[in-house]
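Q: Need coordinates for the below:
(2 chains)
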Amino acid sequence: MTNVIERNNVKVSGVASGQPMIFAHGFGCDQQMWRWVVPAFEHDHHIVLFDHVGCGGSDASAYDPQSYGTLDRYAADVLELIHELDLRDVVFVGHSVSSMIGVLASIAEPDRFAGLVLVGPSPRYIDDGEYVGGFQASDIDELLDSLDSNYLGWSRAMAPTIMGNPDRPELGEELSESFCRVDPAIARQFARVTFLGDNRADLERVTVPTLVVQCSDDVIAPTAVGTYVHERIADSALEILDVSGHCPNLSAPDQTAEAIRRFVDRSAALV
Amino acid sequence: MTAPPTPGGGQAATKPKIPVDDLARLVDTSPMGYITAGPDGRIDHVNSTFARWVGFDRSELVGQRTFQQLLAPGGRIYYDTHVRPILDMNEEVREIAVELVCADGSRLPVLINVARRVRPSTGEAVIETVVFDATERRRYEQELVLERRLAELSEARLQFLYDVVAGLATATTVDEVVEVIRTRGATSVTGVTCSVWLFEPGERAAVRAAPVTPSASVDRIEFPDGGAALDRLLDGELVVLADCEQARKAYPLLCGWLLEAGRRSAVIAPLLDGAELSGVISYGFDELHDFDEQELRVVRSLSAQAELALSRTAALEAERRSRARLSSLQRFTSLLAGAVTLDDVIDSIVESATTLLGAVGVRVALLDETRTKILFARGGGLGGEETEAVDVDESTIAGEVIRTGKVVVRESRAALIESFPTSPILDEQCFGRVVGAPLLDGDGPLGAWVLVFDEEGPPDDDDTKLIQLFVEQAAQAIRRGQQFDLEHRVAVTLQQSLLAEVPDAPGWHVDTTYVPGSDHLVVGGDLFDVTAFEDGRLVVVVADVVGHGLGAAAAMGQLRSAAKALALVLSTPAALLRGLDEFASSTLGVLYSSVGCVMLDAGGAGRYGCAGHPHPVLRRADGTTLILEDGRSPLLGVAGELRSDAEITIELGDTLAVFTDGLVERRDGHVDDEVDRLRALLTSTDFTEPDGHAHALMTSMLDGAEPTDDIVVVCVTRTGDSPADPS
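A: Got it, this is the predicted structure:
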């Protein structure tokens, strides 16, 4: 059994005595996607970044398709991390699928959490009767095909592109080696877990204060879905960012950080 | 610095001074699509090539759509989860394979290079996308992907089949076979759930042999008569459901269940046992799955292996079961053989129900003599604290069995309560199926044997047969036990009533004792009779009738009456024995009896004779002893006229001991030694003291051992000269 710190490539920064903030990346990337948001909190918070098993710099040998066949296992990893670092009053910031991972973790041990920030959350991607998730089951099949088609392009074409980044010296070679690189078989299984899941029933069980950060033009998690999440979680607020796409943490890091900051400060004021 | 990527080998690219118009025209008609978009993704320029490819008018694109909106849904997700994040962190992303959805709905596979630039004139970010037609390349790639997948699969499948065969080879039970198929089957292809379903005998429904997860929604599937799926399976064919939704028309029920369980593709493989379908293996996929021929070959091959393993283990299990049944029946028979009384028999039956038949609860229900009540016993015999009595007409499963003479089964506790709400068997805590089987002898029902098992549902045919065999044995044993109890009771009563009286004999002290043998089988053979006359004469007869039980007891009674009658009229033991010889020739059961007879007058003089009987022992007043070895003749009925007797004189204070062989015959000792011991005991006994000597002698001789045979001891002590002168 590998240690959670190594297994999940846990990186700690900021102020050790500050309120802990865990940033969890979504499907397709790794902890680097928070790199422009985290600096806004490093001066007064205890920052914890990690990679889900199978992603980024995690220990891929710890990945087992059976046990990581549901989000519960990912949530268990988060709780293990919290226990290992003995974190309390945690603000959990989850992007995309990690929103639901945070939801599950907070339901399991609400006492450890001071708040949840759900960036681009979706409890279910596939339409179901009245519920509009934005996708058909066949769309997800196509996504899996896209992942397959891009195995070749990925390995051959991406590496040189990422390595040559003259205008962004902050992206060192180490990062370019690993950023958003993932074992294709793991990516496929993670995609199934992410896009075929249904966590709608879990939303009402969330008891900690929650902020939903919604992009105004997000095809993966449309505004209707973000609103749905907000309506189902009792103590929640909804912030809509005037941003297109699914990754405001990359495309609009300042706005994202400001929204999170407002929530964190308000929560702190309440405490 | 707004120069777009140069088309490969641009013919005009010679010197720096190219007119902007030419460049624009080149870009517009180059064999690549070229799009620029604002930071929000909204298209602000497309070239003609791209517009032509996608079949939209330029005005339908510019300012109207984003590039992502032109992508097929899978690619759209991919773009937002992979391309844009990278683009946000880097300037370029290259050679991403996506599909464009054209105006007519057709799909165009393309490769895109995307770059993020800053327009120097305005400082705004601009997204440039260069699009290559990748139809050919995509086809080639797909083949490569397919081949790679096949190569991986081939290797994996070979290993998989090898693992399965190895696993099945060591399986010795059906459960183990199922476990091997289920667990290995689930690892054969990613995203597959494998279940094994076994048909219930004679039913067109299969039950999941081992649930995949405890919460599996369906654990029983039915194949109604004439179902298309069933026909295919019976022909040994696979039912391949690449899309359960579409296959719904052909296989409505099957697909209904699969969809309900969240499966979108599935394949069902038959498990045939000869021409019969013994079960199926199902492989379910929760996303659409294209089955290739090689995969289906693996599925067929797995089924064939499973069929072999199942028929082998089924045969093994059947043999194990039938051997176990035979041995349990043998154990039951030998247990019953050792049970003599009814209580013993009932205890054996109750014990065997749990140890040999695997029941968790049991009642032996027997009709009482009036045939109006049923006595229920659950160990400790009938009449014990655990016995309950119920009217035969009352609604009990035992009553139903007794009334109909047939096996009655209720498959669950609920079913039993519904039929027999007051049945005493309901006292048992938890149970499933209840089986009541009739205990019959030639004359009709004796009772019922009610067995409770912990599982529910109908009993196995073989189990029912075994119960019937047990019930036959049990009925015989019960009948025998009842017979024995009856005879034993009568015999003991009869004997004790006959032996009760010892007359007052003037001048003599007569002390007697009788003990029945502890072995139930030998009660009822020994007798004594003492006749005292007013003139002081005394006749003592001691006899041992051959046989046991009720017959021997009856013969003993007759012999005693005859001896009494003869003693009244005859004057010598030889004459009495001759008389009994005649009686024996005409009376069943008396033949071969041994008889000892002593006739004494008031003065102590007299004669004694022994027909095959142990010699009496005389103890003189001084303590010396003498064995009376004369007057011998054979057992009753075999001596002809040759009866003899011998003289004897008993002085005042002398004691004569007459007894049956039970007193001196020990299983582990020699008769002569025992007689010596008896003589020593007689010597040390003070016969001037009052009663109890005969019993004390018997007790001392037994020396703590149980009497294996009946024992009679008669001690005659001469206490007076003569009775009062009759004159």
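
Q: So which residues of the stretch 451-600 of chain B form helices?
A: B:461-499, B:549-569, B:573-586 (DSSP state H, counting those that start in this stretch).

Q: Show the contacting residues for B:Gly653.
A: For B:Gly653, the contact set (Cβ atoms under 8 Å, 6 or more residues apart in numbering or on different chains) comprises B:Arg620, B:Ala621, B:Phe687, B:Thr688, B:Thr717, B:Arg718. Yep, even glycine has a C-beta here, placed from its N, CA and C like the rest.

Q: Now the stretch 201-350 of chain B against chain A: closest residue?
A: Proximity to chain A, evaluated over the stretch 201-350 of chain B using Cβ to the nearest Cβ, is greatest for B:Leu288 at 5.2 Å.

Q: Would you format the helices of the stretch 451-600 of chain B as CSV with mean pLDDT included?
A: CSV is the format used below for these (pLDDT from 0 to 100):
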stretch, mean pLDDT
helix B:461-499, 81
helix B:549-569, 82
helix B:573-586, 90
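
Q: any idea which of the ones you listed is most buried?
A: Among those, helix B:573-586 has the highest mean neighbour count (mean count of other Cβ atoms under 10 Å in any protein chain shown), at a mean of 21.

Q: elements contacting that one?
A: helix B:549-569, strand B:594-600, strand B:605-611 (3 or more Cβ pairs under 8 Å, 6 or more residues apart in numbering or on different chains; DSSP states H and E).

Q: So which of these is nearest chain A?
A: When the helices and strands packed on helix B:573-586 are compared by Cβ to the nearest Cβ, helix B:549-569 sits nearest chain A, at 74.0 Å.

Q: for the closest one, packing partners?
A: Against helix B:549-569 (3+ Cβ pairs under 8 Å, 6+ apart) you get helix B:461-499, strand B:526-532, strand B:538-544, helix B:573-586, strand B:594-600.

Q: On the three-state scheme, B:Ala247 is what?
A: Put simply, B:Ala247 is helix when judged by DSSP: H, G, I helix; E, B strand; the rest coil.

Q: neighbours of it, just the number please.
A: By the criterion of other Cβ atoms under 10 Å in any protein chain shown, B:Ala247 has 20 neighbours.

Q: Over to A:Glu42?
A: 14.

Q: contacting residues around it?
A: So A:Glu42 contacts A:Ser13, A:Gly14, A:Val15 (Cβ under 8 Å, 6+ apart).

Q: Could you do B:Ile43 as well?
A: B:Ile43 sits next to B:Ile35, B:Thr36, B:Ala37, B:Leu61, B:Val62, B:Gly63, B:Gln64, B:Arg65, B:Thr66, B:Phe67 when contact means Cβ under 8 Å, 6+ apart.

Q: need the contact list for the fourth one.
A: In other words, B:Leu61. With Cβ under 8 Å, 6+ apart, B:Leu61 has these contacts: B:Ile43, B:Val46, B:Ala51, B:Val54.

Q: if I read this right, the second one contacts B:Ser59, doesn't it?
A: No: when contacts are counted by Cβ atoms under 8 Å, B:Val46 is not listed as touching B:Ser59 (10.3 Å).

Q: Of those two, give the one with the bigger neighbour count.
A: Neighbour tally, B:Val46 and B:Ser59, criterion other Cβ under 10 Å: the higher count belongs to B:Val46, 27 against 9.

Q: Beta-bridge partners for the more buried one, please?
A: Under DSSP bridges, the beta-bridge partners of B:Val46 are B:Ile35.

Q: who's in contact with it?
A: Counted by Cβ under 8 Å, 6+ apart, B:Val46 has contacts B:Gly33, B:Tyr34, B:Ile35, B:Arg58, B:Leu61, B:Val62.

Q: Distance check, it against B:Glu60.
A: Computed with Cβ to Cβ, to the nearest Å, the distance linking B:Val46 and B:Glu60 is 10 Å.

Q: pLDDT of the helix or strand encompassing B:Glu147, averaged?
A: Assessed by DSSP states H and E, B:Glu147 sits inside helix B:135-169. Averaging pLDDT along helix B:135-169 gives 73.

Q: Can you pull the phi/psi pair for whichever residue of chain A sits closest to chain B?
A: Across chain A, the shortest distance to chain B (Cβ to the nearest Cβ) belongs to A:Glu142, at 2.6 Å. With angles defined as degrees, to the nearest 10, A:Glu142 sits at phi -70, psi -40.

Q: can I assume it is in contact with B:Pro73?
A: Yes: at 5.7 Å, A:Glu142 counts as touching B:Pro73 under the criterion of Cβ under 8 Å.

Q: show me where the stretch 151-271 of chain A has strands.
A: A:210-217, A:236-244 (DSSP state E, counting those that start in this stretch).

Q: hey, C-alpha coordinates of the shortest one in CSV?
A: The C-alpha atoms that make up strand A:210-217 are tabulated as CSV, following Å, rounded to 0.1, in the frame of the first residue of the first chain:
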residue,chain,number,x,y,z
THR,A,210,-21.3,25.3,-1.2
LEU,A,211,-20.4,27.6,-4.1
VAL,A,212,-21.3,26.7,-7.6
VAL,A,213,-19.0,28.4,-10.2
GLN,A,214,-20.7,28.2,-13.6
CYS,A,215,-19.3,29.4,-16.9
SER,A,216,-21.9,31.3,-18.9
ASP,A,217,-21.1,29.3,-22.1
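
Q: Return the distance of it from the chain's centre.
A: Centre-to-centre, strand A:210-217 and its host chain are 13 Å apart (Cα atoms, centre = their mean, to the nearest Å).

Q: So which other helices or strands are in contact with it?
A: By 3+ Cβ pairs under 8 Å, 6+ apart, strand A:210-217 packs against strand A:113-119, helix A:223-232, strand A:236-244, helix A:253-270.

Q: What about the closest residue to chain A within chain B, how many residues nearby?
A: Closest to chain A within chain B is B:Gly74: 2.6 Å, counting by Cβ to the nearest Cβ. B:Gly74: 23 surrounding residues under other Cβ under 10 Å.

Q: The one 5 residues further on now?
A: Residues lying near B:Tyr79 (other Cβ under 10 Å) number 25.

Q: from the contacts of B:Ile43, which two are the most distant?
A: Largest separation among those by Cβ to Cβ: B:Thr36 and B:Gln64, giving 14.5 Å.
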